[in-house]
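Peer 1: this one's structure only:
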C-alpha cells in the first residue's frame, strides 16, 4: 500500500475508520459514520433519547386516559395508598444518587469506588422492585384489586408499567456491574454506563411524577 | 494501491445467519418486503371474498363451507363472517403492508445506502424488529383458526364491541384477544424500528451528507419513524387497557348498563368507548401519514430522476414533510365528528384538517413543477410515480369534503369514506411501493424487471383501481352504508346493485392483473437481464456501488458527498446528472 495511494484514497474517501466496537451491534455492529466508536456512542445516545420519548408518550397516554376517565363518571373512589410507597420512593432516589456518585468516582479514576457505588445503586434498584411487590401484596390483602375501582385500575397499570421499565433498567445496571466487578469495564463500556444511568434517572423522575399523580388525582 | 480500509462487518457464512437471522439491513429490508408481499395477497384475497359476498349475498359456495364450517354453514357466508373478513383485511393491509413495506422494507434497505452508512445503527435491534413483526403477523393470522374465528370489530377495534368479549359475536372471544396481542407486539416492533431509523439518520450520515443534502426519501423515512415512535406508544397504551377490560374486569372503555344480545352487562360500569376512540385516533391519524409519507418520498425522488430535473423547491418539500408530520398529530378528532363532540371542538379539528391541505398542496404543486419542462422518461417506475400523484390528488380532494363536520355527518358511515381512504392511503401507498419496486429492483437483486410487462401491469392496475374506488364515492353520496354485508333487501340500495357489480368485477380484474406483477417479479429475479451499476442515471449514493451492493455497502471505502441529491441537467456539466459523490469541481456548489 503506497503512501501516495493511501493519501489519494483518504482525500477522496475520508480517513480510514478505526475498528468499530459496539455493544448492541452483536458480532461487530455497525457504524457508517465517519468515526466508528464515536458514531456508535452518539447513535446510542440518540437511540436512548428516542426510547425515552416513546416511554414518555406511553405514560402520557395513560395519564390522559386517567384524567378523562376520572372526569367522565362519578364512580371514581380515591384509593388509599400503602405507606410503603414513600419508603420505596426514598430507595429509588438513593439508587439514582449512588449511580451518580459512581459515575463521578469513575471520572476521577476511582475504579474501586465506582464498583462500590454502582453495586449499591443496583442493589437499591432491586430493593425498590421488591418494595413495589410488597405494596401490591398489601393492596391485595386489603382487597384492592385492579378491577376494584378505576382509581386502583390506573394505580396498578401505571405502577406495573413503570416496574416493567425498571426491570429493563435493573438488567442494564446489573450487566454493567458484572463487567465492573470482573474488571472488564473497558473504555468502550463507558457508553453502557452513561446510557443505563440516564435511563435510570429517567425512571426515577417518572416515578416521582407518578407519585404526584397518585396522591393528587388517584 | 490502497486496500479497502477496515470493514466493520464480516459477512456471515452460514445460511441461517446470512438469510434468516441476518443482521444485514439489506437482507432485513428484503425480508420485510416479502412479509408485506405475502400479507398484501392475503389482504387482497379477503377483499375479493367481501366483494363477492356483496353482490351474491345468498350464494352457496361449497369451499366456503369447508373453510368455515360454522360461519359459512351450508356454504352461505354469515354477516359475522363478512365482518371478520373486513376486520382482517383492514388490519393486515394497514399494519403488515402499508406500515411495513414502504418504511421497514425499502427504508431498511436504502436508508443506510442513501446516507452513506454501512448498516443501521443497531443491527441486532433491527433483526429483532423484523422477527417481532413476523411473530405479530403469525399471531394475527392465527385468529382465523381459533374458536369463533377472526374478530369483527374492524381495524379500529371500537369498544364496547371489542371489549365485552364473546357475547358480542363469534370472533370477539379468542379472536379479538389475539388481535390486540398481535397489535401490541407490532407496536414493540415498530418502536425498535423507529429507534434504528432515527439514530441512523441523525448519527451515521457520511461526510458531506448534510441534512439538506439527503434525498427526500430519507426525509420521509425519518419523519415516518418519528410518527411511528410517538403514535405506536399511544396505541400500545390503548391496547393494554383494552386487553385489561377483556381479561381482568376493569372498566376503562365499557360503560355501565350496557345491553348486549338481550343481556345486561353488569360487571362493568363507568367506562367510555369514546376514550378508546381518542387514544386510537391519536395513533390512527399519524398512521395514515406513516403509510403515505414514504410513498411521497419515493415519488419526489423518481419524478426528479425520470424528468431529468431537480426537485422543484427541495427545501419547501422538506418543510412540507415536517409540517404534515406535525399537523398529523393535531387532527385525530376529524375521525370522531359523529361521536357527538362539541361543535367548537369539531370546528377546531376541521380547521386544522384543512390546514394539512397547505403542505399537501405544496407537495403536489412541486411535483407538477418538477415535471414541467422536463425530458420525461416514461419507465414503469415513473408511471407508478405519476399514478401516485394522480391518486393522491383524487383521494385528497374527497378528504376536503370529509374534513367538514356538516358534510361528514352524512358521509361518515357511507362508502364515500371507503372510496376516500382506499384512494389516498391504500392505493396511492401501494403505487409508491410499485414505483419503489421497479426503481430499486435492479439494485436489490442485480437484475432488471421487464418493462413491457410492467407497463401493461401499470395501465391495467391504474384503470382497475379507479374503476373500483371512484364509484364508491357515488354510492356513498347515494347513502349506501359501509360495513353492511348485504343490502339487497333495502329498496334504495338494491337500485345501486349494478354499480356494486361493476366494482366487484373491477376488483376481480385488478386482482387478476397482479399476477402479471408476480410473474415479472419472480421471473426477473432469476431470468432478468443483468443490471448495471446505475441503470437510471440516478444521483444518490446507492447507485455508486455494484448491483446488488457489497456486504458492507461501500466495499470498505467511505463515501464523501459533495452535491445535493437532485443535480440533473446542470448547465456545463458533462452529463445530465451529477452523482452526489462527484468531485465538487464538476459544477459549482449546490
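Peer 2: Arrived safely. Predicted, not measured: the structure shown is a model, and the values here were computed from it.

Peer 1: How about the secondary structure of the closest residue to residue A:215 other than its chain neighbours?
Peer 2: Residue nearest to residue A:215 in three dimensions, not counting chain neighbours: residue A:81, with 6.8 Å by C-beta to C-beta, 6 or more residues apart in numbering or on different chains. Where you see a C-beta, it was placed from the backbone N, CA and C, and this is true even at glycine. Classification of residue A:81 using DSSP: H, G, I helix; E, B strand; the rest coil returns coil.

Peer 1: For residue A:81, give me its contacts.
Peer 2: Residues near residue A:81 by C-beta atoms under 8 Å, 6 or more residues apart in numbering or on different chains: A:155, A:214-215, A:218.

Peer 1: Any idea how many residues pack against residue B:456?
Peer 2: By other C-beta atoms under 10 Å in any protein chain shown, 16 other residues sit near residue B:456.

Peer 1: so it sits right up against residue B:516, yeah?
Peer 2: Yes. Here residue B:456 lies in contact with residue B:516, judged by C-beta atoms under 8 Å, at a distance of 6.2 Å.

Peer 1: Out of the contacts of residue A:81, who's the most crowded?
Peer 2: With neighbours taken as other C-beta under 10 Å, the top of the contacts of residue A:81 is residue A:155, carrying 26 neighbours.

Peer 1: On the pLDDT front, check that residue for me.
Peer 2: pLDDT, residue A:155: 97.

Peer 1: Could you measure from it over to residue A:210?
Peer 2: From residue A:155 over to residue A:210 the distance is 9 Å, taken as C-beta to C-beta, to the nearest Å.

Peer 1: now do residue B:46
Peer 2: From residue B:46 to residue A:210 the distance is 42 Å (C-beta to C-beta).

Peer 1: again, but for residue B:354
Peer 2: Taken as C-beta to C-beta, the span from residue B:354 to residue A:210 is 38 Å.

Peer 1: okay, these two: which has more neighbours?
Peer 2: Legend: neighbour count by other C-beta under 10 Å for residue B:354 and residue A:210, higher for residue A:210 (22 against 15).

Peer 1: Which helix or strand contains residue B:517?
Peer 2: helix B:497-527 (DSSP states H and E).

Peer 1: What average pLDDT does that helix get?
Peer 2: The average of the pLDDT scores along helix B:497-527 is 97.

Peer 1: helices or strands up against it?
Peer 2: When contacts are defined as 3 or more C-beta pairs under 8 Å, 6 or more residues apart in numbering or on different chains; DSSP states H and E, helix B:497-527 packs onto helix B:25-55, helix B:428-445, helix B:451-477.

Peer 1: As CSV, those helices with mean pLDDT and distance to chain A would be great.
Peer 2: What follows is the helices and strands packed on helix B:497-527, written out as CSV (pLDDT from 0 to 100; distance: least, C-beta to the nearest C-beta, whole Å):
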stretch, mean pLDDT, distance to chain A
helix B:25-55, 97, 8
helix B:428-445, 98, 17
helix B:451-477, 98, 32
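
Peer 1: which of these is buried the deepest?
Peer 2: Greatest average neighbour count among the helices and strands packed on helix B:497-527 goes to helix B:428-445 (a mean of 26), per mean count of other C-beta atoms under 10 Å in any protein chain shown.

Peer 1: returning to what we had before: quick check: which of the helices and strands packed on helix B:497-527 is nearest to residue A:88?
Peer 2: Among the helices and strands packed on helix B:497-527, helix B:25-55 comes nearest to residue A:88, with 40.9 Å by C-beta to C-beta.

Peer 1: Now do the strands in chain B.
Peer 2: B:258-260, B:263-265 (DSSP state E).

Peer 1: So for residue B:230, which of those strands sits nearest?
Peer 2: strand B:258-260 (32.2 Å).

Peer 1: Might you calculate how far the closest one sits from the centre of the chain?
Peer 2: Offset of strand B:258-260 from its chain centre (C-alpha atoms, centre = their mean, to the nearest Å): 36 Å.

Peer 1: is that strand up against chain A anywhere?
Peer 2: No. Against chain A, strand B:258-260 shows no contacts by C-beta under 8 Å from any C-beta of the partner chain, the least distance being 13.3 Å.

Peer 1: gap between residue A:82 and chain B?
Peer 2: According to C-beta to the nearest C-beta, to the nearest Å, residue A:82 stands 20 Å off from chain B.

Peer 1: Point out where chain A drops to low pLDDT.
Peer 2: Filtered on pLDDT under 70, chain A yields the residue ranges A:1-36, A:188.

Peer 1: the longest helix in it is where?
Peer 2: helix A:36-72 (DSSP state H).

Peer 1: How far does that helix sit from its chain's centre?
Peer 2: On C-alpha atoms, centre = their mean, the centre of helix A:36-72 falls 11 Å from that of its chain.

Peer 1: And that helix, what does it pack against?
Peer 2: Against helix A:36-72 (3+ C-beta pairs under 8 Å, 6+ apart) you get helix A:150-181, helix A:190-216, helix B:174-203, helix B:216-247, helix B:273-307.

Peer 1: If you count neighbours, what's buried in that helix?
Peer 2: Within helix A:36-72, the residues that count as buried by 16 or more other C-beta atoms under 10 Å in any protein chain shown are A:36-37, A:39-51, A:53-55, A:57-59, A:61-66, A:69-70, A:72.

Peer 1: burial measure for the residue of the stretch 101-250 of chain B found nearest chain A, as a count.
Peer 2: With C-beta to the nearest C-beta, the shortest gap between the stretch 101-250 of chain B and chain A falls at residue B:117, namely 2.3 Å. A count of nearby residues for residue B:117, using other C-beta under 10 Å, gives 30.

Peer 1: any idea how far it lies from residue B:102?
Peer 2: 20 Å.

Peer 1: mind listing what's buried in the helix holding residue B:517?
Peer 2: Buried, per 16+ other C-beta under 10 Å, within helix B:497-527: B:499-500, B:503-504, B:506-507, B:510-511, B:513-514, B:516-517, B:520-521, B:524.

Peer 1: same check, this time on stretch B:206-225
Peer 2: Along stretch B:206-225, these residues count as buried under the neighbour rule (16+ other C-beta under 10 Å): B:206, B:208-209, B:213-225.

Peer 1: ok, and of those residues, which contact chain A?
Peer 2: With C-beta under 8 Å from any C-beta as the criterion, those include residue B:206 near chain A.

Peer 1: Closest to residue B:359 out of the buried residues of stretch B:206-225?
Peer 2: Using C-beta to C-beta, residue B:223 comes nearest to residue B:359 of the buried residues of stretch B:206-225, at 11.4 Å.

Peer 1: Looking at that closest one now. What's its pLDDT?
Peer 2: pLDDT for residue B:223: 98.

Peer 1: Counting neighbours, what do you get for the spatially closest residue to it that is not a sequence neighbour?
Peer 2: In space, and not counting its chain neighbours, residue B:223 is closest to residue B:325: 4.3 Å by C-beta to C-beta, 6+ apart. When neighbours are defined as other C-beta under 10 Å, residue B:325 has 22 of them.

Peer 1: now swap in residue A:113 and tell me
Peer 2: 15.

Peer 1: Find the nearest non-adjacent residue to the residue positioned nearest the centre of chain B, please.
Peer 2: By C-alpha atoms, centre = their mean, chain B has its centre lying nearest to residue B:98, at 1.7 Å. With sequence-adjacent residues excluded and distances taken as C-beta to C-beta, 6+ apart, residue B:98 is closest to residue B:291, at 3.7 Å.

Peer 1: Surely that neighbour touches residue B:100?
Peer 2: No. Between residue B:291 and residue B:100 there is no contact under C-beta under 8 Å: 9.8 Å.

Peer 1: what sits against the residue of the stretch 251-400 of chain B found nearest chain A?
Peer 2: Ranked by C-beta to the nearest C-beta, the top residue of the stretch 251-400 of chain B for proximity to chain A is residue B:270, at 3.9 Å. Taking C-beta under 8 Å, 6+ apart, we find residue B:270 in contact with A:69, A:72-76, A:150, B:251, B:255-256.

Peer 1: same thing but at 10 Å, please
Peer 2: Contacts for residue B:270 were tallied using C-beta atoms under 10 Å, 6 or more residues apart in numbering or on different chains; they are A:69, A:72-76, A:149-150, B:251-252, B:254-256.
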